[in-house]
Structures are given as structure tokens and as C-alpha cells.
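Chemist: here is my input, please return the structure:
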Amino acid sequence: MYSLTYVSSAVLPFTKDGLRWLLDECAPANEAVNVTGMLLYKDGNFIQVLEGEEHSVRSVYAKIGRDLRHRGLITLLQGEIAERQFPNWSMGFRELSHAPGSIEKGYSDFMNLSFTPAQFASNPTQAQALLLLFKAGLERNI
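Modeler: Take a look at the predicted model:
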């Protein structure tokens with residue numbers, strides 16, 4: 001099993017509908033190649049972990065790298081893992097730019113922390129910790 005975590009910035013900010021469209025477009029493609037993970041978006045920035053067979057993860061990541069909606073793609077972490085950390089999602093997703101209390105179940109205020117690609121690049125394990133913390137918060141609220 002292989003895992004790759006990256007950050008990128010949107011060329012143009014995504015609307016809520018645009019984010020839902022992105023999820024509807026990408027989730028089936030990831031599921032078709034057995035790639036799972038989590039995608040978070042806040043203030044024009046993405047962080048995503050992809051998990052699966054190495055060739056599948058690298059293929060999905062290469063496609064993301066060619067996507068003209070992204071810029072500043074930075075690989076934070078990559079390598080072999082013993083098991084999936086996000087096994088139940090073809091793409092877990094949350095748009096995180098709303099004010100506290102204004103979005104549905106699963107909101108966690110920890111995302112009000114600074115969230116920039118440069119900050120995650122300087123401390124890549126912080127990105128993985130953030131994703132796992134977000135996952136734990138969702139699971140507690142389900």
C-alpha cells in the first residue's frame with residue numbers, strides 16, 4: 001500500500017457547487033482504480049492524501065498535476081504504508097471556509113488554524129496529523 005499527501009492552490013477560488021462538482025467528477029475515477037483518501041479545501045488551498053497501489057496513486061497524482069485548476073503542487077509525504085488510513089472513502093471531502101456553526105454535522109473548529117502550502121511544506125507530518133484529526137472528528141460526529 002502506498003500513500004501520497006500533497007497541497008496545492010486553486011487557480012480560481014471554488015464555490016460550494018464547484019467543489020461538489022469536483023467531488024462528483026473525481027470520486028468515481030479514484031474508486032475505479034481503488035484509490036482512497038481525503039480531500040480538504042479552505043480559502044483556495046487543497047490538501048489531499050491518496051492511498052492505494054503505488055502505480056494507481058502516482059497515476060491519479062499525475063492527472064492532478066496536469067489539472068489546470070491547480071497551481072503550486074507540493075508533495076509533502078509519500079511512501080509505503082502498512083494499511084490505509086482512509087479506507088472508507090473514495091474521496092473524503094469537506095469545504096472548510098464557513099464560519100463556525102454555519103455548516104452541517106462534522107464541522108470542527110481546528111480548521112481555523114493557518115492552512116497554507118508553505119506552512120505544510122515546512123512540516124509535512126503536520127499535514128498528515130491534520131488529516132487524521134479531521135477524520136477522527138468526522139467519525140465522532142457520524
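
Chemist: tell me what the lengthiest strand in the chain is packed against?
Modeler: Identified as the longest strand of the chain according to DSSP state E is strand 70-80. Helices and strands touching strand 70-80, by 3 or more Cβ pairs under 8 Å, 6 or more residues apart in numbering; DSSP states H and E, are strand 2-10, helix 54-66, helix 117-122, helix 124-141. Using the backbone N, CA and C atoms, a C-beta is placed for each residue, glycine as well.

Chemist: what about 10 Å?
Modeler: Contacts defined by 3 or more Cβ pairs under 10 Å, 6 or more residues apart in numbering; DSSP states H and E place strand 70-80 against strand 2-10, strand 45-52, helix 54-66, helix 117-122, helix 124-141.

Chemist: pLDDT weak spots in this structure?
Modeler: 90-142 (pLDDT under 70).

Chemist: can you count the residues close to residue 27?
Modeler: 18 (other Cβ atoms under 10 Å).

Chemist: how far away is it from residue 35?
Modeler: Per Cβ to Cβ, to the nearest Å, residue 27 is found 10 Å from residue 35.

Chemist: what comes up buried for the longest strand of the chain?
Modeler: Neighbour counts over strand 70-80 (16 or more other Cβ atoms under 10 Å) mark 70, 74, 76, 78 as buried.

Chemist: so what sits opposite the closest residue in space to the last one that isn't next to it in sequence in the bridge?
Modeler: The shortest distance from residue 78 to any residue that is not its chain neighbour, by Cβ to Cβ, 6 or more residues apart in numbering, is 4.3 Å, and that residue is residue 4. Beta bridges link residue 4 to residue 50, residue 78, judged by DSSP bridges.

Chemist: tell me the contacts of residue 4?
Modeler: With contact taken as Cβ atoms under 10 Å, 6 or more residues apart in numbering, residue 4 is in contact with 35, 37, 48-52, 54, 57-58, 60-61, 64, 75-79.
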